[in-house]
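Chemist: predicted model, plus sequence, below.
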Amino acid sequence: MLVVLAEARFDASQIDKVRSVAQPMIKASRAEPGCAGYDYAFDMLEPDLMRVRELWRDEQALKDHFAAPHMAAFLKGLRDLRPVSVTVTCYELGPERKMPNAS
């Protein structure tokens, strides 16, 4: 399983436009066969900061995601919004385990 974590900061005046660009991407990505989770959220204390969490079955699923038409449309829309900053990191997960003291 691969986890992609991203952060993007936008001018506060662009947030509604960011949502309109992101919503079709989220919907299409969640429908991909290798997607195990795909979420975008704006920070409650920093409303211009968008965080992304993606879970992918394997490397091929992530490659297929980047080759998908909705990815190209999203990246174009994102570039047009000129984010202040963007960071993206990918991690490979180890085996799942239960959290101690978790209900």
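Modeler: The structure has been received and is ready for your questions. Here the structure is a predicted model, which is why all the values come from computation and not from measurement.
Chemist: list the contacts of the lengthiest helix in the chain.
Modeler: Counting residues, the longest helix found in the chain (DSSP state H) is helix 15-30. For helix 15-30, the surrounding residues in contact (Cβ atoms under 8 Å, 6 or more residues apart in numbering) are 8, 10, 35, 38-40, 42, 47-48, 50, 54, 65, 68, 70-71, 73-74, 77-78, 81. For every residue, glycine as well, the C-beta is placed using N, CA and C.
Chemist: can you show me the helices along the chain?
Modeler: Ranges of helices in the chain, per DSSP H, are 15-30, 59-67, 69-81.
Chemist: among these, which is nearest T89?
Modeler: T89 lies closest to helix 59-67 among the helices of the chain, at 12.8 Å (Cβ to Cβ).
Chemist: list the contacts of that closest one.
Modeler: The list of residues contacting helix 59-67 from outside it, by Cβ under 8 Å, 6+ apart, reads 2, 4, 29, 32-35, 54, 56, 71, 90.
Chemist: and of the helices of the chain, who's closest to P95?
Modeler: That would be, of those and by Cβ to Cβ, helix 59-67, which comes in at 17.6 Å.
Chemist: pLDDT of the closest one, averaged?
Modeler: In this model, helix 59-67 has an average pLDDT of 98.
Chemist: now that helix, how far from the centre of its chain.
Modeler: Offset of helix 59-67 from its chain centre (Cα atoms, centre = their mean, to the nearest Å): 13 Å.
Chemist: now do stretch 77-89
Modeler: Going by Cα atoms, centre = their mean, where stretch 77-89 is centred and where its chain is centred differ by 12 Å.
Chemist: list the buried residues in it.
Modeler: 77-78, 81, 83 (16 or more other Cβ atoms under 10 Å).
Chemist: in strands only, show me the contacts of helix 59-67.
Modeler: Residues of the contacts of helix 59-67 located in strands (DSSP state E): 2, 4, 35, 54, 56, 90.
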